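In: Pasting a predicted model and its sequence here:
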Amino acid sequence: MSDVTAPPATRVLQSFVGGRWVDALADEHRVSRDPATGAALARVPLSGAAEVDRAVAAAREAQVAWRATAPQVRARALYRLRDVLDAHREELAGLVVQDMGKTFDDALAEVGRGIESVEAAMGGVHHLKGQTLEGIGTGVDAELHRQPVGVVAAITPFNFPVMIPLWFLPYALVAGNAVLLKPSEQDPLASERIVQLLAGIDELPAGIVSLVHGAHDVVNALLDHPGIDAISFVGSARTARHVATRATGNGKRVQALGGAKNAMIVLPDADPRLMPAQVVGSAFGAAGQRCMAGSVAVLVGTAEEQDRSLALIRDAASALRSGPGGDAGTDVCPVIDAAARERLVGEIDAAERDGVRVVLDGRAADAGPGGANLGATILDAVPAEHRVATEELFGPVLAVVRVPDLDAALAFAAASRYGNSTVLFTESGSAARRFRYEADAGMLGVNVGVAAPIAWMPFGGWNDSIDADLSANGEDAFRFYTRQKVVTTRWGGSGGGGMRF
């Protein structure tokens, strides 16, 4: 339901530029809808280069004074942001439920993870310190200083409309940068509310944070604009590559986090109480619309051991209830829109025609008024090279691949073009140690279904899951949002008798 029609009373979102809410410079709009009901929530302007021009102008002006603001004062602005976000946790979670479709508990957890990023960035004064080395020559000292990159554009996806903007905003701000936020046009309401809350923080100057809406045209305008110095992006692998290629071609610093196809390796000795809940939570939480979702269960062992593991997973998944995210009893929320459901059903249909066995069929679930509901689906006997085992589907679909041993499981995971996350379920310390050493992914889990690091650690995968040298969050964030300047100085000549040239 991405049509452009909506009831006349549906409000039109505005841009936030120069500290003011202004009508967007856009002739076309997209309707943001509640995935559960299909109700129109807002008309989203599809802005372009003109909107980016005026936002960048305001940002560059504001950044001059913000860079000169003492870093401890910039950090105090984040203290205020942390408090105001905490006071509005439930409101923000409600917007995620309404606009993106998540269950309330899942949305509330997302808000909490976003607040953790603010808390991690609050320590920016420490991380922005430079280095010195004196006496490298007679009267010669060396110093390293960290300075802001300038103006940063944050382009964020639909699946975490609170958390991912907060991966970028606080780190960039405490480092002394201005930020242009471009949220997903599919569910921008939570990001809009974050900017409204930011606007009430006195320590933040007008123009230091801007909000622009749009789709392809506004993204390309951000990638091309000479007044933007860095791009932070999360989205599909294909779009991440486009963002990285185009932006770096224009001389910008880029961190572009892409898609994933995360394997969950299940050994025969996996805890039968822990493993099924973790696998099911990873595969079907947020309807599988996470870059950290485990979307392939790699069952290891004999046929009998594999069947036993599959039965545990299938039984746990069969108990899940699909429906509106706002219903307390819902476990599997709708996907983002009816078009996404239709695409996923097509993938399941095609796999079934190819001989894959559907052992739990989510197609039978009522699509709901919004046409976006799809139940938990498990596909067994999936060939290792089949697209449902290799490509990111971004829905509540779990592919089951069977292998004889850990060697084959690690080889399967390593063959993926992605490298975001891989997890292992076992009670064997030696197997876990080998997994940690050999697994070809940036984020690993042992007996953890979603191995997402806390905000004080970097978040980022390998291979086609990232187009960048630096990840989001943690120390990498401070490195990405600053440039290093090394100064070598000589004072005092060669002794006490003055300088000679």
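Out: Happy to help now that I have it. Quantities reported herein were computed from a predicted structural model and do not represent experimental measurements.
In: Quick check: phi and psi on the nearest residue to W66 once chain neighbours are set aside?
Out: Spatial nearest neighbour of W66, chain neighbours left out: I208 (5.2 Å); criterion: CB to CB, 6 or more residues apart in numbering. C-beta here means a position set from N, CA and C on the backbone, and glycine is covered the same way. Backbone torsions of I208, given as degrees, to the nearest 10, read phi -70, psi -20.
In: Wait, I208 touches A172, no?
Out: No: in this structure I208 lies outside contact range of A172 using CB atoms under 8 Å: 9.8 Å.
In: so what's in contact with the two at the same time?
Out: V179 (CB atoms under 8 Å, 6 or more residues apart in numbering).
In: picking up where we left off before, ok, now which ones touch the residue nearest to W66?
Out: 59, 62-63, 66, 173, 178-179.
In: Looking at those residues, which are in helices?
Out: Using DSSP state H, the subset of the contacts of I208 located in helices is 59, 62-63, 66, 173.
In: which one of the residues you listed has the most neighbours?
Out: Most neighbours among the ones in helices among the contacts of I208, by other CB atoms under 10 Å: L173, with 29 neighbours.
In: Local confidence estimate at the residue nearest to W66?
Out: With respect to pLDDT, I208 scores 98.
In: Walking through the stretch 51-200 of the chain, point out its strands one by one.
Out: 131-137, 140-148, 151-155, 178-182 (DSSP state E, counting those that start in this stretch).
In: Sheet partners, orientation included, of the first one?
Out: Meaning strand 131-137. Within its sheet, strand 131-137 is paired with strand 140-148 (antiparallel), according to DSSP bridges.
In: Tell me the one of the ones in helices among the contacts of I208 nearest A244?
Out: Ranked by distance to A244 (CB to CB), the ones in helices among the contacts of I208 are led by A59 at 21.8 Å.
In: Surely that closest one and A172 touch.
Out: No: counting by CB under 8 Å, A59 does not reach A172; the two are 11.0 Å apart.
In: Need the overlap of contacts for these two.
Out: V179.
In: pLDDT weak spots in the chain?
Out: By pLDDT under 70, the weakly predicted segments of the chain are 1-4, 493-501.
In: Break it down into its structural domains.
Out: 15-258+465-486, 262-446 (automatic domain parsing).
In: I'd like a version of these in TSV, one that adds distance to G492 as further columns.
Out: Listed next are the domains of the chain as TSV, based on distance: least, CB to CB, whole Å:
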stretch	distance to G492
domain 15-258+465-486	4
domain 262-446	48
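In: for those, which one sits closest to A452?
Out: Comparing the domains of the chain by CB to CB, domain 262-446 comes nearest, at 5.0 Å.
In: Any chance of the strands of the stretch 51-200 of the chain in TSV with distance to A364 and mean neighbour count as columns?
Out: Compiled in TSV, the strands of the stretch 51-200 of the chain are given as follows (distance: least, CB to CB, whole Å; neighbours: other CB atoms under 10 Å):
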stretch	distance to A364	mean neighbour count
strand 131-137	61	10
strand 140-148	53	16
strand 151-155	37	27
strand 178-182	38	27
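In: Distance to A351 added to the ones you listed, as CSV?
Out: Below are the strands of the stretch 51-200 of the chain laid out as CSV (distance: least, CB to CB, whole Å):
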stretch, distance to A351
strand 131-137, 54
strand 140-148, 48
strand 151-155, 32
strand 178-182, 35
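In: Which one of those lies nearest to A87?
Out: Closest to A87 of the strands of the stretch 51-200 of the chain, according to CB to CB: strand 178-182, at 20.7 Å.
In: The strands of the stretch 51-200 of the chain: which one's closest to G355?
Out: When those are compared by CB to CB, strand 151-155 sits nearest G355, at 39.6 Å.
In: What pairs with that closest one, parallel or antiparallel?
Out: For strand 151-155, sheet partners with direction are given as strand 178-182 (parallel), strand 230-234 (parallel), following DSSP bridges.
In: quick one, helices of the stretch 351-500 of the chain?
Out: In the stretch 351-500 of the chain, the segments counted as helices under DSSP state H, counting those that start in this stretch are 387-390, 406-415, 429-438, 474-480.
In: Just send those back as TSV, with mean neighbour count and distance to G227 too.
Out: Output for these, formatted as TSV (neighbours: other CB atoms under 10 Å; distance: least, CB to CB, whole Å):
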stretch	mean neighbour count	distance to G227
helix 387-390	20	40
helix 406-415	18	42
helix 429-438	13	44
helix 474-480	21	19
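In: Switch those over to a markdown table; also include distance to A199.
Out: Below are the helices of the stretch 351-500 of the chain laid out as a markdown table (distance: least, CB to CB, whole Å):
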| stretch | distance to A199 |
| --- | --- |
| helix 387-390 | 44 |
| helix 406-415 | 45 |
| helix 429-438 | 45 |
| helix 474-480 | 23 |
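In: Relative to A215, tell me which of those wins on proximity.
Out: helix 474-480 (25.2 Å).
In: count of neighbours near A206?
Out: 14.
In: Now the phi/psi pair for the closest residue to it other than its chain neighbours, please.
Out: Nearest-residue entry for A206: G19, 2.6 Å, with adjacent residues in sequence omitted and distances by CB to CB, 6+ apart. Per-residue torsions, G19: phi 80, psi 10 (degrees, to the nearest 10).
In: correct me, but L223 touches T248?
Out: No: in terms of CB under 8 Å, L223 does not count as a neighbour of T248; the distance is 9.4 Å.
In: which one of those two has more residues nearby?
Out: L223 (24 against 16).
In: Show me what the helix or strand where that one lies is packed against.
Out: Assigned by DSSP states H and E, L223 belongs to helix 216-224. On a contact count with 3 or more CB pairs under 8 Å, 6 or more residues apart in numbering; DSSP states H and E, helix 216-224 meets helix 49-68, strand 151-155, strand 178-182, helix 237-249.
In: Kindly present these as JSON lines, with separate columns for distance to G442.
Out: Formatted as JSON lines, the helices and strands packed on helix 216-224 follow (distance: least, CB to CB, whole Å):
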{"stretch": "helix 49-68", "distance to G442": "31"}
{"stretch": "strand 151-155", "distance to G442": "21"}
{"stretch": "strand 178-182", "distance to G442": "25"}
{"stretch": "helix 237-249", "distance to G442": "14"}
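In: quick revisit: out of the helices of the stretch 351-500 of the chain, flag the one nearest M292.
Out: helix 406-415 (14.6 Å).
In: ok so, going back, which one, of the strands of the stretch 51-200 of the chain, ends up nearest to V423?
Out: Using CB to CB, the nearest of the strands of the stretch 51-200 of the chain to V423 is strand 151-155, at 28.0 Å.
In: hang on, the earlier thing: mind checking the helices of the stretch 351-500 of the chain for the one nearest to A240?
Out: So among those, helix 474-480 is nearest, using CB to CB, at 15.0 Å.
In: CA atoms only: put the closest one into CSV for me.
Out: Taking Å, rounded to 0.1, in the frame of the first residue of the first chain, the C-alpha atoms of helix 474-480 are listed here in CSV:
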residue,chain,number,x,y,z
GLY,A,474,31.4,2.2,19.8
GLU,A,475,34.9,3.6,19.2
ASP,A,476,34.4,3.3,15.4
ALA,A,477,31.7,6.0,15.6
PHE,A,478,34.0,8.6,17.1
ARG,A,479,36.7,7.7,14.6
PHE,A,480,34.2,8.0,11.7
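In: and A319, what is it in contact with?
Out: A319 neighbours (CB under 8 Å, 6+ apart): none.
In: ugh, typo on my part, it should be H213
Out: 13, 15, 24, 26, 44-47, 182-183, 185, 188.
In: burial of the closest residue to I115 other than its chain neighbours, as a residue count?
Out: Spatial nearest neighbour of I115, excluding adjacent residues (CB to CB, 6+ apart): L85 at 5.2 Å. By the measure other CB under 10 Å, the count of residues near L85 is 24.
In: Check the one 5 residues further on too.
Out: Counted with other CB under 10 Å, the neighbours of E90 add up to 12.
In: Fine by me, thanks again.
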